[in-house]
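Undergrad: What would the 3D arrangement of this be:
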Amino acid sequence: MKILTIDDQQLILLSLEKKLKALGYEVQTANNGKLGKAYFNSFKPDLVIVDINMPDMSGLEVVKHIRVASKSDIPILVMSGNTNENIIIDGFDLGINDYMKKPVSLNEVAARVKRILGNNTTTTQKNETAQMLQQYCVGVVIPCYNEEDRLSSAIFQDFTHKNLGYHLCFVNDGSTDNTLKVLEELRKGNEDTISIYNCEKNGGKAEAVRQGILHLSKDPQLNYIGYLDADLSTDFRDFDDLVQTMENSDFKIVSGSRISRMGANITKESARKIISMIINLIIRTILGMPFKDTQCGAKIMDKEIAQLVFHKKFITRWLFDVEIFMRMRKHYGKDKVQSLICEQPLKRWIHADGSKLSMKDSVKIIGQLAKIAVHYK
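TA: The predicted model follows:
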């Protein structure tokens, strides 16, 4: 039997196509409503799976074309992150057969498809690992400099396998060890969800993250873009919590915060902890805003902000997080910017051995902060 899937996000389409083909269906994909209408007429599917929120032509317009213009009664399954009750009711009024809200597991999609079309397909294993189709597509930049011994390939691969809608972009910042080879091995078999941006020369973490952000911002399917340290000192579960906060709010940036509190596992070296407290006090003074931890290497933002604050090079190699907030303050003003940034405490953060930032570097940071204060005054 034939299924037409229509969604403007390629990461979602590819995962859905792979799952349905594995179950024995013939699948045609379309990444916009206009193309979906054309394929409906030529492909003649037995079932249509369509998203609601697509640019130019919404999913409901596609449904209307099928039901009204084409006068077809073939089953239509809507799969969307849109939770507006009126939109959902409009869909059923037009004649859709089912509505699934993202995030949703591929196994649930398969079960609903089988219920509609019948069960004459390959059986889904009940103990099969759940793969979740996310409501939004998220690009994550992971800067890497001489990380061959610290990159946990299995964790990255497992995350992208289970969380469909994430794209990891590893930026090799001119590494002199075998980091690039490790990344190429990590990417094998995961080309749709993992990419590598290779910088020939080492430019520092600030420039590596900037290049990765600008690279991902060109991808139209991504709703949010963020960055994460390669050592995974911030847990992927916490990073996904930051994304969920973005999805359910009007914040422009959600930044992780390594605040020690009840119920959280936040571990730092004692000397590093003391220096961090001093540096954070100076940063709060420069920013004039009550941030507890600007330097946490886990942040997520919408694409508008990504393009705004990353288009110019940063003046420091390590303190670009502070520069991000300074650039936002300059653009929006001190009062408004504080309503656009959320500082969210992490549940877990562990200092990883082999950090590239030495105690000597920590002392130099004071001078760099003075440079930032003068530059952005």
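Undergrad: Tyr166 and Val243, how far apart?
TA: 9 Å (C-beta to C-beta, to the nearest Å). (C-beta placed from N, C-alpha, C; glycine too.)
Undergrad: Apologies, that question was intended for Ile66.
TA: From Ile66 to Val243 the distance is 33 Å (C-beta to C-beta).
Undergrad: So for those two, which residue has more residues nearby?
TA: For Ile66 versus Val243, neighbours defined as other C-beta atoms under 10 Å are more numerous around Ile66 (25 against 22).
Undergrad: is it true that that one touches Ser72?
TA: Yes: using C-beta atoms under 8 Å, Ile66 makes contact with Ser72 at a distance of 5.1 Å.
Undergrad: joint contacts of those two?
TA: Counting by C-beta atoms under 8 Å, 6 or more residues apart in numbering, the common neighbours of Ile66 and Ser72 are Phe40.
Undergrad: Show me the common contact partners of Tyr166 and Val243, please.
TA: Common neighbours of Tyr166 and Val243 (C-beta under 8 Å, 6+ apart) are Val138.
Undergrad: Which stretches in the stretch 51-200 of the chain count as helices?
TA: In the stretch 51-200 of the chain, the segments counted as helices under DSSP state H, counting those that start in this stretch are 59-64, 85-94, 106-117, 153-162, 179-187.
Undergrad: closest one to Asp8 among those helices?
TA: Among the helices of the stretch 51-200 of the chain, helix 59-64 comes nearest to Asp8, with 9.6 Å by C-beta to C-beta.
Undergrad: What is the neighbour count of Cys17?
TA: Check again: residue 17 is Glu, not Cys. Neighbours of Glu17 (other C-beta under 10 Å): 16.
Undergrad: Spatially nearest residue to it, not counting backbone neighbours?
TA: Val27 (4.9 Å; C-beta to C-beta, 6 or more residues apart in numbering).
Undergrad: what is that neighbour paired to in the beta sheet?
TA: Ile3 (DSSP bridges).
Undergrad: That one contacts Leu20, correct?
TA: Yes: Val27 is within contact range of Leu20, at 4.9 Å (criterion: C-beta under 8 Å).
Undergrad: list the residues that contact both of these two?
TA: Ile3, Thr5.
Undergrad: Comparing the two, which residue is more hemmed in?
TA: Leu20 (23 against 19).
Undergrad: Within the helices and strands, which one has that one?
TA: Using DSSP states H and E, Leu20 sits in helix 10-22.
Undergrad: quick one, what contacts Glu304?
TA: Contacts of Glu304 by C-beta under 8 Å, 6+ apart are Lys252.
Undergrad: how close does it get to Val254?
TA: Separation of Glu304 from Val254 (C-beta to C-beta) stands at 14 Å.
Undergrad: for Thr5, same thing?
TA: For Thr5, the distance to Val254 (C-beta to C-beta) stands at 30 Å.
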